[in-house]
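Colleague: The sequence isn't on hand, but the structure is:
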């Protein structure tokens, strides 16, 4: 079973020989993100958060305390039950400890946003939070355009990572600082200090919890996957520029060399790229910036398009 957030609502899909849609709800909502755990599904939309306790059949609004209703990304802390996060546009982080029945704003993020004048090239709003990563009491968040945030209390409070200056300039500071247009962020299971970040100015890795950053790939990128058993094995969705010549590549040596990992695809795509990678069981899903959904077994990375009748996919998850 998988759940899809799309610009045309929420979909529940199951697989026999092929993936098929079994339910389509929230049809009047632009759903930006979705998380699911312990029988509860939370859908982030441009009008707030909605909660379902019956597999997506019915929904209740769950936005009390969410004073920015445009949700860009949602996550839950993988090691703490009933601890949810919403990243919004304009940039703020909200946390919930009751299954989204109520939310608390992390005002220090708003203060950083206003202090550094975070922004986005395609929206008048002051930046957005579009990714989270967790490892024990350590947490990270990706800000477009503003940089990388770090928390040392499981996501209750946030600050700029030391290797992120908070300046939204597209000129960007040189390494060991990270480029400020951070599209997603990932922490490896082997260490809370090992962090990866696809950005509008290249692909970065930090080995010291975001204090300094290594520049691994000169490209425009939004999506990556790291092998949980081998941090040197990474799958990346690079492009030459925004939605220009997108492709899928792979490294087994920590980014020293990269190889084509686009079997079954006609790449480069001239006008789109990978927006998100999500692993569900032994399958890797890729959401493209044109809303298409691809999948491949991690053992072979032989890609195929799935659920072609579902348009404008933004996010995918299984039940955690």
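Modeller: Nice, I can see it. Bear in mind the structure is a predicted one, so any value in this text is a computation, not a measurement. Numbering: from 1, shown residues only.

Colleague: and stretch 309-317, average pLDDT?
Modeller: The average pLDDT within stretch 309-317 is 98.

Colleague: same deal with stretch 182-190?
Modeller: In the prediction, stretch 182-190 has an average pLDDT of 98.

Colleague: Give me the buried positions along it.
Modeller: Residues of stretch 182-190 classed as buried: 182, 183, 184, 185, 186, 187, 188 (neighbour count, 16 or more other Cβ atoms under 10 Å). (Each C-beta comes from the backbone N, C-alpha and C, glycine too.)

Colleague: got it, and stretch 298-306?
Modeller: Using 16+ other Cβ under 10 Å as the test for burial, stretch 298-306 gives 301, 303, 306.

Colleague: what's in contact with that stretch?
Modeller: Defining contact as Cβ atoms under 8 Å, 6 or more residues apart in numbering, one finds that stretch 298-306 is touched by 18-19, 235, 248, 250, 261-265, 279, 282-286, 292-296.

Colleague: Recalculate using a threshold of 10 Å.
Modeller: Contact with stretch 298-306 is made by 2, 13, 15, 18-20, 225, 227, 235, 248, 250, 260-265, 267, 279, 281-286, 288, 292-297, 313, as judged by Cβ atoms under 10 Å, 6 or more residues apart in numbering.

Colleague: Buried among those? Make that a PyMOL selection.
Modeller: Of the contacts of stretch 298-306, the buried ones go into a single PyMOL selection, burial set by 16+ other Cβ under 10 Å:
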select buried, resi 2+13+19+225+227+235+248+250+261+262+265+267+283+284+285+286+288+292+293+294+295+296+313
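
Colleague: Of the contacts of stretch 298-306, which belong to strands?
Modeller: 2, 13, 15, 19-20, 225, 227, 235, 250, 260, 279, 283-286, 288, 293-297, 313 (DSSP state E).

Colleague: ok, back up a step: would you list the buried residues of stretch 298-306 in CSV and tack on pLDDT, distance to residue 90 and secondary structure?
Modeller: Rendered in CSV, the data for these read as follows (pLDDT from 0 to 100; distance: Cβ to Cβ, whole Å; DSSP: H, G, I helix; E, B strand; the rest coil):
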residue, pLDDT, distance to residue 90, secondary structure
301, 96, 37, coil
303, 98, 35, coil
306, 98, 34, strand
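
Colleague: which stretch of helix or strand covers the residue nearest to the spatial centre of the chain?
Modeller: By Cα atoms, centre = their mean, the chain has its centre lying nearest to residue 131, at 4.2 Å. With elements taken from DSSP states H and E, the one containing residue 131 is strand 128-135.

Colleague: Adjacent strands (with direction) for the helix or strand following that strand?
Modeller: Proceeding N to C from strand 128-135, the next assigned helix or strand is strand 138-144, under DSSP H and E. Paired neighbours of strand 138-144 in the sheet (DSSP bridges): strand 128-135 (antiparallel), strand 147-151 (antiparallel).

Colleague: what's in contact with whichever helix or strand comes after the last one?
Modeller: To tie it back to what came earlier, the one meant is strand 147-151. Using DSSP H and E, the helix or strand that follows strand 147-151 in sequence is strand 159-160. Outside strand 159-160, the residues within contact range by Cβ under 10 Å, 6+ apart are 108-109, 112, 115-116, 143, 146-152, 166, 210.

Colleague: May I have the strands that pair with whichever helix or strand comes after strand 159-160, each with its orientation?
Modeller: The helix or strand immediately downstream of strand 159-160 is strand 186-187, counting by DSSP H and E. Strand 186-187 pairs in its sheet with strand 195-199 (antiparallel), by DSSP bridges.
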